[in-house]
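> Sequence first, then the predicted structure, then my questions.
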Amino acid sequence: MKAGAVDFLTKPFRDQDLLDAIQRAIGRDQARRQLETEGVDIRNRFSSLTPREREVMSLVVAGLLNKQVAAQMGTSETTAKIHRGQVMRKMQAQSLPDLVRMSERLGPLPKVLVLPPTR
C-alpha cells in the first residue's frame, strides 16, 4: 500500500499532519541525495587509482598486512607501503576502516588471488 509513499494520511487530516509528512519526505530526499553524491565522489576517487593501486586496495581491504601485500604482488614491503599510502591519499581515507567503508560503498572490488603466506 505504501509502495514508494513516505507517509499515509487518513481523511480528515490536520494541516500540521500534512506539513509534518512533507517535512519527513524532504528530509529523506536530502539524505538520499547526500548518499548518492558521496557514492559518486568515492567512484571518482577510485577511478583515479592506477591498476596497481587498485590491486593494493583490494588486498589491504581483504585484511592483508603490508608484508603480505608485498609477497602477493612480488614487490618489496617498501613498495607496498608506498602504493598503500597513495591509495589512502587518493581515496582521501583517514584510516583503514574508512577505506573499508568506501570499498563497501563501491561494491565488490575486482577479485585478487590471495595466496597463503610463505614460511
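Sure thing, it's come through. Because the structure is predicted, anything quoted here is derived from the model rather than measured. Numbers count the residues shown, from 1 in each chain.
> Identify the residues contacting the spatially most central residue of the chain.
In the chain, the C-alpha nearest the mean C-alpha coordinate belongs to M102, at 2.1 Å (Cα atoms, centre = their mean). M102 makes contacts with 42, 45-46, 91, 93, as judged by Cβ atoms under 8 Å, 6 or more residues apart in numbering. The way it works is simple: take the backbone N, C-alpha and C, and place the C-beta from them, glycine included.
> ok, so what distance separates I42 from R89?
Counting by Cβ to Cβ, to the nearest Å, the separation of I42 from R89 is 14 Å.
> Which of the two has more residues huddled nearby?
I42 (19 against 11; other Cβ atoms under 10 Å).
> average pLDDT for the longest helix along the chain?
Counting residues, the longest helix found in the chain (DSSP state H) is helix 15-47. The average of the pLDDT scores along helix 15-47 is 88.
> What are the buried residues along that helix?
Within helix 15-47, the residues scored as buried using 16 or more other Cβ atoms under 10 Å are 21, 42, 45-46.
> try stretch 60-67
Here stretch 60-67 shows 60-62, 64, 66 as buried, counting by 16+ other Cβ under 10 Å.
> Out of those residues, flag the one nearest to T37.
For the buried residues of stretch 60-67, the minimum distance to T37 (Cβ to Cβ) is 22.4 Å, reached by V61.
> Which positions in the one helix or strand S58 maps to come out as buried?
Assigned by DSSP states H and E, S58 belongs to helix 51-61. Neighbour-count burial for helix 51-61, counted by 16+ other Cβ under 10 Å, picks out 53-61.
> Next, the angle from that helix to helix 15-47.
Per axes from the mean of the first three to the mean of the last three Cα atoms, to 10 degrees, the angle that helix 51-61 makes with helix 15-47 is 120 degrees.
> Put the alpha carbons of whichever helix or strand comes after helix 51-61 into CSV.
Remark: after helix 51-61, the chain's next helix or strand is helix 66-73, criterion DSSP H and E. Extracted as CSV, the C-alpha positions of helix 66-73 are listed here (Å, rounded to 0.1, in the frame of the first residue of the first chain):
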residue,chain,number,x,y,z
ASN,A,66,52.0,-4.7,4.1
LYS,A,67,54.4,-7.7,4.2
GLN,A,68,51.7,-10.0,2.8
VAL,A,69,50.6,-7.4,0.1
ALA,A,70,54.3,-7.2,-1.0
ALA,A,71,54.6,-11.0,-1.2
GLN,A,72,51.3,-11.2,-3.2
MET,A,73,52.5,-8.6,-5.6
